[in-house]
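1. just the structure for this:
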Amino acid sequence: MKKLYFATSNEAKFNEASKILSNYGVRVDMKKLELREIQSDDPTIVASEKARDAFRALHNDVIVEDDGLFIDSLKGFPGPYSAFVHKTIGNEGILKLMEGVADRKATFKSIIAYCGSDLIPVIFVGNVDGTITETQRGKSWGYDPVFIPKDSGGLTYAELGAKKNTLSHRKLALEQFAKWYAEK
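-> Prediction:
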């Protein structure tokens with residue numbers, strides 16, 4: 001099988017992806033790239049452009065991942081702007097925005113974009129519904145301490161530890177990709 005890269009500067013994201021893909025016999029190597037992230041309300045467009053840019057830089061088959069936390073009562077915010085929002089206001093800011101809000105439903109979405117030499121990205125999407133906590137719970141990265149996925153027994157992604165990889169939005173998208181890639 002051809003060499004496959006995962007272009008990301010986020011080692012935690014790479015480690016999760018690598019473990020999940022290994023369950024399907026897919027080996028991926030990390031390439032730290034600072035990819036330009038276009039701004040769009042559609043995260044699939046963001047992921048597609050990142051995948052094309054990564055292929056152009058590496059001249060090799062590559063996947064990228066873009067994800068977003070879509071909070072119902074905030075009309076889908078932060079959505080495709082999740083990385084920027086986390087970097088600027090963090091989980092504390094999200095919890096502040098949610099103070100006094102009864103509807104805490106949210107969806108965590110992962111978009112895996114694969115790009116090969118044809119420069120036509122193939123997209124795989126994983127969604128997990130859940131709720132936003134009232135306080136941060138558990139130690140982890142990103143929004144994991146404030147997101148409780150449905151069917152987790154009330155635990156946040158951070159509190160689930162390694163079990164997160166069995167039910168995460170990223171796992172769902174990577175699983176679709178791995179099955180497709182094995183038949184490619």
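2. which parts of the strand or helix carrying residue 180 are buried?
-> In the assignment (DSSP states H and E), residue 180 maps to helix 169-183. For helix 169-183, a neighbour-count test (16 or more other CB atoms under 10 Å) marks 169-178, 181 as buried. Quick note: C-beta positions are derived from backbone N, CA and C, even for glycine.
3. could I get the average pLDDT for that helix?
-> Mean pLDDT, helix 169-183: 95.
4. stretch 29-45 too?
-> Computed over stretch 29-45, the average pLDDT equals 89.
5. gap between the two ends of that stretch?
-> From its first residue to its last, stretch 29-45 covers 24 Å (CA to CA, to the nearest Å).
6. output the below-cut-off pLDDT ranges for this structure.
-> Residues of the chain meeting the criterion pLDDT under 70: 1.
7. how about the helices in it?
-> Taking DSSP state H to define them, one finds helices in the chain at 11-22, 43-58, 82-88, 90-97, 157-160, 169-183.
8. for residue 124, find the nearest of these.
-> For residue 124, the closest of the helices of the chain is helix 169-183, at 4.1 Å, according to CB to CB.
9. for that closest one, packing partners?
-> helix 11-22, strand 62-71, strand 105-115, strand 122-132 (3 or more CB pairs under 8 Å, 6 or more residues apart in numbering; DSSP states H and E).
10. so what's residue 68 up against?
-> Applying CB atoms under 8 Å, 6 or more residues apart in numbering, we find residue 68 in contact with 43, 78-82, 108-109.
11. do the same with residue 56
-> Applying CB under 8 Å, 6+ apart, the residues contacting residue 56 are residue 119.
12. residue 117 versus that one, what's the distance?
-> Residue 56 is 11 Å from residue 117, where distance means CB to CB, to the nearest Å.
13. ok, and the closest non-adjacent residue to residue 67?
-> Leaving aside its sequence neighbours, residue 67 sits nearest to residue 110 (CB to CB, 6 or more residues apart in numbering; 4.5 Å).
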